[in-house]
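In: the sequence and its predicted three-dimensional model are supplied below.
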Amino acid sequence: MQPVTRVEGRAYPLGRPNIDTDIIIPAHWLKTVTREGLGRGAFETIRAEPGNVFDDPRFAGAPILIAGENYGCGSSREHAAWAMADMGLRVVIAPSFSDIHAGNAFKNGILTVVLPQPAVDRLLAVAAEHPITVDLESQTVTTPFQDRFAFAIDPFRRDCLLKGLDEIGITLEMDPAIAAFEARLAQDQPWIGGAAG
């Protein structure tokens with residue numbers, strides 16, 4: 001997983017509330033056995049609307065999405081997080097998130113930032129024409145106009161995102177301790193490891 005420390009650039013100013021996982025990635029895209037390519041189907045129903053933000057060249061490749069309340073509601077499909085990651089999203093800012101979707105986003109290296117509605121409204125206005133910056137180390141979202149919005153995040157999730165660690169990476173960080181335990185176990189209780197004849 002790629003570390004998330006500071007993400008800056010244009011942001012899709014979506015702002016809509018109740019974007020569910022079926023809007024993020026429609027069910028007919030779930031037949032794939034790989035995560036690659038799901039970004040093509042991301043927000044397909046919104047992309048069918050004329051003048052939508054996802055097909056606006058000003059926001060092409062934006063790493064940030066600004067949404068409305070209750071983002072990621074609906075089913076627990078992890079494909080929604082896979083699709084967002086495949087389209088290049090690193091951060092989603094909203095007044096609230098579905099707990100399951102926020103967890104899936106975290107597990108896929110996407111930072112979910114909860115801010116009050118007035119802060120989200122300000123960011124939507126700025127994002128229409130200017131970049132924004134999300135700094136996970138300082139836990140702030142800033143604009144070129146000196147706006148500064150602090151956000152809270154679970155310390156464990158913050159540490160994992162800063163280091164780029166998923167569950168496998170966390171386990172591998174403990175490799176020296178695991179190897180030392182296995183060596184002691186093999187010496188003290190060889191019958192457990194199958195070394196005894």
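Out: Yep, it's here. It should be emphasised that the depicted structure is a prediction, and the values quoted were computed from it without experimental measurement.
In: can you tell me which helix in the chain is longest?
Out: Of all the segments of type helix in the chain, defined by DSSP state H, the longest one is helix 175-188.
In: could I have the CA atoms of it written out in CSV?
Out: This file holds the C-alpha atoms of helix 175-188, laid out as CSV (Å, rounded to 0.1, in the frame of the first residue of the first chain):
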residue,chain,number,x,y,z
ASP,A,175,8.7,-10.6,11.5
PRO,A,176,11.7,-10.4,13.8
ALA,A,177,9.6,-11.1,16.9
ILE,A,178,7.8,-14.0,15.1
ALA,A,179,11.1,-15.5,13.9
ALA,A,180,12.5,-15.2,17.5
PHE,A,181,9.4,-16.9,18.9
GLU,A,182,9.6,-19.7,16.3
ALA,A,183,13.3,-20.3,17.0
ARG,A,184,12.6,-20.5,20.8
LEU,A,185,9.7,-22.8,20.2
ALA,A,186,11.8,-25.1,18.0
GLN,A,187,14.5,-25.3,20.7
ASP,A,188,12.2,-25.7,23.7
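In: distance between it and the chain's centre?
Out: Per C-alpha atoms, centre = their mean, to the nearest Å, the displacement of helix 175-188 from the mean C-alpha position of its chain is 35 Å.
In: quick one: list the elements packing against it.
Out: Other helices and strands packing on helix 175-188, by 3 or more C-beta pairs under 8 Å, 6 or more residues apart in numbering; DSSP states H and E, are absent; none qualifies. Using the backbone N, CA and C atoms, a C-beta is placed for each residue, glycine as well.
In: what does the worst-scoring helix or strand of the chain on mean pLDDT rub up against?
Out: One helix or strand of the chain scores below all others by mean pLDDT, DSSP states H and E: helix 167-173, with a mean of 80. Contacts of helix 167-173 from elsewhere in the structure, counted by C-beta atoms under 8 Å, 6 or more residues apart in numbering, are 1, 107, 160, 163, 165.
In: if I look at the one residue sitting closest to the centre of the chain, how far off is residue 78?
Out: Relative to the mean C-alpha position of the chain, the nearest C-alpha, by C-alpha atoms, centre = their mean, is the one of residue 110, at 1.5 Å. With the distance defined as C-beta to C-beta, to the nearest Å, residue 110 ends up 11 Å from residue 78.
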